[in-house]
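Student: here is my input; please provide its structure:
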Amino acid sequence: MTWRNKGARAARGVTKPEPQAGAALTVVMATRRGPAHMGGVERVVAGLLTELARTRPSWQLRPVYVFHPGSRVEGIDGLSDVVASLRLGWLLRRSPADVVFVHCPECLWGIRLLRRRRGAPPLVAVWHGAGPTPYLLLRRPGDPMARVLAWIRTAGEKTALAADGHVAVHRGVADALRSVYGLRRPVTVIENALDPAVSELRPDPAREHESEHESEHESKHQSESESASGRGLTAVWVGQTGYRKGLDVALAAVAQARRDVPGLRLAVVGVPAGPQADGVDWLGVIPPARMAEVYRDADLLLFPTRYESFGLVVIEAMAAGLPVIVSDAVPAGIVVDGRNGVVIAGHNPARYAAALRHLADPGSRAAMAEANRDDVRRFSIESAGAGYAALAESFAAIR
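Tutor: Below you'll find the predicted structure:
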């Protein structure tokens, strides 16, 4: 049955039969940007669409989005929120979907405004963060636009509280919905999942063989000398908003650590190139398909983020076998200090530089790498897909 025929039948008021378990459903995943974008939300949605197509082959799965990579409007804070909301509302105004998952709750007001009222599908807000904090940290303190942007986003989020259902990507996000906005309705926690391309990544055999050879055949003195020099040590930082994700702290920490670890380099991914600096490689914005390559070529993740609702890049790096150096803004339960890497309170570059010196030792990194690959197994796309499938089926049945 075509979308047009299904929509016409709904408009005439014909009642659809109640879906049973395993019934074919039409499910929409709505986002601001397309699945090909490198952002964390988009990578999660792309993985969910692939997993649901595998486990529910009879379903119709539709990604609906507004902005393509490189969009000029998308880069205009504030205006992009309004455009995305109204555009999504227009695209979904006659959707015959059985359920719509909106992964940008701040845009939900436009969808509710423009959609047809009779027979409209349930709208489920998927919260990848909540409250003004992430938007206040988009810019440096004192920026006059910071509070304006935070007000715009939170005003949009408040309208999303009236959604038919709510999903939070971490229990901390669910807690924020209750404490910041006073939400009393049920919230389903479905944690973000790993991109299968990254979760299946294995360390470079050549690098692994080299490390084992050095451990077996080099003397303790030689090993200590190599650790001190940090020869070939590469840290990676990944993000789209430099200040919120602590890029300034990462750059300062690397500059300090290079005094004792001269071979240390920092690969910066996701933002335009900045000023040239010793030991810094600006890789720019790259497609999601290349993220596995980025992690494979690195030795550790340096991520002094100022706000994080989940930490997708953290679990991606862990899945690739990388120790992680993160701030305590990463939600509890993602990183265990001393096991998965180093968790640092605050954003003092000197503390991150000290952690870099510590992890210049290949032995320390090897122990953490093994633990990380085991610990991230719980963030499986199978588990996340099952959660969304069950929720979609429950809302379709109620409808």
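Student: what does stretch 87-95 rub up against?
Tutor: 7, 11, 28, 30, 32, 64-66, 100, 102, 104, 107, 110-116, 121 (Cβ atoms under 8 Å, 6 or more residues apart in numbering). Any C-beta I mention is one placed from the backbone N, CA and C, and that applies to glycine too.
Student: shouldn't residue 302 be in contact with residue 352?
Tutor: Yes - at 6.7 Å, residue 302 and residue 352 qualify as touching, with contact defined as Cβ atoms under 8 Å.
Student: overlap in contacts of these two?
Tutor: 250, 253, 325.
Student: pull the contacting residues for the second one.
Tutor: If a contact means Cβ under 8 Å, 6+ apart, then residue 253 has 302, 304, 349, 350, 351, 352, 353, 356 as its contacts.
Student: secondary structure class for it?
Tutor: Secondary structure state of residue 253, per DSSP: H, G, I helix; E, B strand; the rest coil, is helix.
Student: measure it to residue 273 for me?
Tutor: Distance, residue 253 to residue 273, by Cβ to Cβ, to the nearest Å: 19 Å.
Student: what of residue 44?
Tutor: 27 Å.
Student: same drill for the two, tell me which one is more crowded.
Tutor: residue 44 (25 against 11; other Cβ atoms under 10 Å).
Student: that one and residue 103: what is the separation?
Tutor: Taking Cβ to Cβ, one finds residue 44 at 8 Å from residue 103.
Student: so for the two, which residues contact both of them?
Tutor: Joint contacts of residue 44 and residue 103 (Cβ under 8 Å, 6+ apart) are residue 128.
Student: check what pLDDT residue 18 gets.
Tutor: Looking at residue 18, its pLDDT reads 41.
Student: got it, and the one 10 residues further on?
Tutor: We note a pLDDT of 97 for residue 28 in this prediction.
Student: with the one 4 residues further on instead?
Tutor: According to the predicted model, the pLDDT of residue 32 comes to 93.
Student: shouldn't it be in contact with residue 74?
Tutor: Yes - the pair residue 32 / residue 74 is scored as a contact, 7.1 Å apart, by Cβ under 8 Å.
Student: of those two, who's got more company?
Tutor: residue 32 (24 against 18).
Student: state the distance from that one to residue 137.
Tutor: Where residue 137 is concerned, residue 32 sits at a distance of 19 Å (Cβ to Cβ).
Student: then residue 64?
Tutor: Distance from residue 64 to residue 137, by Cβ to Cβ: 28 Å.
Student: now swap in residue 353 and tell me
Tutor: Distance from residue 353 to residue 137, by Cβ to Cβ: 22 Å.
Student: try residue 180
Tutor: Distance from residue 180 to residue 137, by Cβ to Cβ: 15 Å.
Student: what does residue 173 give?
Tutor: For residue 173, the distance to residue 137 - Cβ to Cβ - is 16 Å.
Student: neighbour count for the two, which is higher?
Tutor: Neighbour totals were compared for residue 173 and residue 137, and residue 173 leads with 23 against 20 (other Cβ under 10 Å).
Student: what about that one, which helix or strand?
Tutor: helix 171-181 (DSSP states H and E).
Student: other residues contacting that helix?
Tutor: Contacts of helix 171-181 (Cβ under 8 Å, 6+ apart): 127-132, 157-158, 161, 166, 168, 183-184, 187, 189, 309-310, 331-332.
Student: now these: which count as buried?
Tutor: If you count burial by 16 or more other Cβ atoms under 10 Å, the buried members of these come out as 127-132, 157-158, 161, 166, 168, 183, 187, 189, 309-310, 331.
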